[in-house]
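J.: sequence unknown, structure follows:
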């Protein structure tokens with residue numbers, strides 16, 4: 001006689017999962033670093049409650065080509081993704097999507113304050 005085990009429904013298991021603030025912060029810093037072209041240790045991330053959702057505030061520099069290179073070849077600005085303003089606006093959407101997807105957390109918004117520039121030559125930040 002064979003018995004079958006009761007079917008377990010995919011997401012209806014007892015218990016709960018929590019992602020620590022430290023893990024969320026590390027994820028946010030890595031996502032911001034990716035989109036802004038800097039190192040994660042250059043990014044500061046803070047969280048606040050926004051009516052039950054998470055609001056992420058980031059403070060970071062952004063990578064950019066040397067100004068002397070831009071003067072010689074203005075197309076370098078478009079080659080790096082556009083102006084600092086345009087890149088920051090796109091980064092906000094990308095960071096929000098990446099953090100929400102990877103963590104499963106509900107984010108209401110991402111605020112970014114650019115604090116400086118990291119000069120980048122050929123994709124490497126110096």
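T.: Okay, I see it. These numbers come from a predicted model, not from an experiment.
J.: quick one, strands of this protein?
T.: Counting by DSSP state E, one finds strands in the chain at the ranges 44-50, 53-64, 107-121, 124-125.
J.: other residues contacting the longest helix seen in the chain?
T.: Identified as the longest helix of the chain according to DSSP state H is helix 84-103. Identification of contacts with helix 84-103 by C-beta atoms under 8 Å, 6 or more residues apart in numbering yields 19, 23-24, 27-28, 31-32, 34-36, 56, 58, 62, 64, 80-82, 105-107, 109-112, 114, 117. C-beta here means a position set from N, CA and C on the backbone, and glycine is covered the same way.
J.: what's across from residue 110 in the sheet?
T.: residue 56 (DSSP bridges).
J.: which residues does it contact?
T.: Neighbours of residue 110 in contact, by C-beta under 8 Å, 6+ apart: 55-58, 92, 95-96, 99.
J.: any idea how far it is from residue 13?
T.: Noted for residue 110: a distance of 31 Å to residue 13, by C-beta to C-beta, to the nearest Å.
J.: same check on residue 27?
T.: In terms of C-beta to C-beta, residue 27 sits 24 Å off from residue 13.
J.: residue ranges with poor pLDDT in this protein?
T.: 1-12, 122-126 (pLDDT under 70).
J.: so residue 107 makes contact with residue 54?
T.: Yes - under the contact definition of C-beta atoms under 8 Å, residue 107 touches residue 54, with a separation of 5.1 Å.
J.: return the distance of the longest helix of the chain from the chain's centre.
T.: Mean C-alpha position of helix 84-103 versus that of the full chain (C-alpha atoms, centre = their mean, to the nearest Å) differs by 5 Å.
J.: and it with strand 53-64, angle?
T.: Inter-element angle recorded for helix 84-103 and strand 53-64: 130 degrees (by axes from the mean of the first three to the mean of the last three C-alpha atoms, to 10 degrees).
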